[in-house]
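1. here is my input; please provide its structure:
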Amino acid sequence: MKAARFDYIRPRTVQEVLDHLAEHGDEAKVIAGGQSLVPTMNVRLAAPAVLIDINHVEELSGIEADKGTLRIGALTRHAEIAASETVAAHAPLLSMAAPWIAHEAIRNRGTFGGSLATADPASEWPACATVLDATIHLVSARGTRQVAAGDFFQGVYETAIEPDELLTHVEIPAIGEGYRAGFSEFARRKGDYASVGVAVQGRVGASGAIGRLLKRGEGRLHDLRIAFFGVAARPMLATAAAAALEEQPLDESTLKAAQEALPTDFTPMEDLYMSSAAKAHLARVLLGRVMTTLYHGEGR
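-> Alright, predicted model coming up:
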């Protein structure tokens with residue numbers, strides 16, 4: 001099939017984008033990499049009357065770090081994030097997740113902001129943003145606002161973005177001393193959307209008043225944030241599983257308690273290829289795998 005007819009606009013500034021969004025409202029769609037929007041247009045699941053191409057709006061690109069905060073522009077490509085030493089130093093979880101995104105051609109064209117705005121429940125960036133407590137910056141002709149990642153993703157392809165708003169950039173707190181990240185997912189074939197995935201960040205350090213970091217493979221788990229994707233309509237924070245791990249050494253009994261807590265956090269939704277029970281099993285396996293890697297210092 002082919003996309004329905006549409007008008008095409010190519011602005012060069014954010015203000016121009018906002019003017020067009022204000023004028024056309026629900027009839028307009030913003031396009032950057034187009035890796036999600038174009039396929040849906042071709043099968044007529046999306047039929048915007050106006051397509052606003054933001055690829056030439058330079059102020060929407062770039063990666064910067066300042067005063068403990070990592071800033072990633074909405075137009076930044078997945079491949080740029082994967083190759084960035086700044087990202088690796090300040091948000092290593094993103095560096096770990098980037099190679100799992102689809103294929104190289106898609107990583108070269110797809111954008112960070114586009115993935116967040118699309119909010120596919122099986123995509124990596126929304127879960128990472130949730131774990132990292134990212135702040136998503138939105139702007140419109142009415143003004144600017146910031147939305148926490150935990151409030152931004154609302155359902156399958158549903159976010160807090162209003163029709164006249166543009167996602168400009170994302171701010172992420174830099175990883176703290178002693179913190180580590182872990183990431184894993186399972187897909188039917190390399191490059192497919194994940195059937196189940198998990199992103200984790202937390203600290204492995206001394207307990208009590210000692211307050212010093214211990215050698216790899218020692219210490220207790222603190223300040224854990226665990227998010228699963230591919231299991232629900234949006235990224236799911238596994239708060240019960242994290243609570244079972246908090247302030248504990250990672251031994252067999254602790255890990256088992258965390259895995260047994262997962263049904264409290266979510267019941268996986270089935271899809272065309274996998275049952276809910278199979279996804280629940282995978283979630284337990286991936287949690288064990290990523291926590292073991294993080295705890296023993298193999299994560300970043």
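2. use CA for all of it now, contacts and neighbours both
-> Will do.
3. OK, contacts around the closest residue to residue 108 other than its chain neighbours?
-> Distances taken as C-alpha to C-alpha, 6 or more residues apart in numbering put residue 79 closest to residue 108, at 5.3 Å, once the chain neighbours are dropped. Going by C-alpha atoms under 8 Å, 6 or more residues apart in numbering, residue 79 touches 98, 104, 107, 108.
4. so the third one touches residue 76, yeah?
-> No: under the criterion of C-alpha atoms under 8 Å, residue 107 is not in contact with residue 76, lying 10.4 Å apart.
5. can I get the helix or strand of the chain with the lowest mean pLDDT in CSV, CA atoms only?
-> None of the helices or strands of the chain scores lower by mean pLDDT, DSSP states H and E than helix 37-42, at a mean of 85. The C-alpha trace of helix 37-42 is given here as CSV (Å, rounded to 0.1, in the frame of the first residue of the first chain):
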residue,chain,number,x,y,z
LEU,A,37,5.8,6.7,11.2
VAL,A,38,6.4,5.8,7.6
PRO,A,39,5.4,2.1,7.9
THR,A,40,2.2,3.1,9.7
MET,A,41,1.4,5.7,7.0
ASN,A,42,2.0,3.1,4.2
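6. which outside residues touch it?
-> With C-alpha under 8 Å, 6+ apart, helix 37-42 has contacts from 1, 2, 3, 4, 31, 46, 47.
7. pull the distance from stretch 6-16 to the chain's centre.
-> How far stretch 6-16 lies from its chain's middle: 27 Å, per C-alpha atoms, centre = their mean, to the nearest Å.
8. one step back: which of the contacts of helix 37-42 fall in helices?
-> Counting by DSSP state H, none of the members of these fall within helices.
9. would TSV of these with distance to residue 122 and neighbour count be doable?
-> Rendered in TSV, the data for the contacts of helix 37-42 read as follows (distance: C-alpha to C-alpha, whole Å; neighbours: other C-alpha atoms under 10 Å):
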residue	distance to residue 122	neighbour count
1	25	8
2	26	10
3	24	16
4	27	13
31	20	18
46	19	15
47	23	20
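10. residue 265 contacts residue 241, doesn't it?
-> Yes: Residue 265 is within contact range of residue 241, at 7.5 Å (criterion: C-alpha under 8 Å).
11. ok, those two, which is more surrounded?
-> For residue 265 versus residue 241, the count of surrounding residues by other C-alpha atoms under 10 Å is larger for residue 241: 25 against 15.
12. tell me which element that one falls in.
-> Per DSSP states H and E: residue 241 is located in helix 239-245.
13. swap in residue 189?
-> Counting by DSSP H and E, residue 189 is found in no helix or strand.
14. what is the burial count for it?
-> If we define neighbours as other C-alpha under 10 Å, then residue 189 has 9 of them.
15. how about residue 57?
-> Considering only other C-alpha under 10 Å, residue 57 is surrounded by 18 other residues.
16. just the pLDDT for it.
-> Residue 57 is assigned a predicted lDDT (pLDDT) of 97.
17. now it: closest residue in space, sequence neighbours ignored.
-> Per C-alpha to C-alpha, 6+ apart, closest to residue 57 is residue 12, 4.6 Å.
18. enumerate every residue touching that neighbour.
-> By C-alpha under 8 Å, 6+ apart, the residues touching residue 12 are 54, 56, 57, 58.
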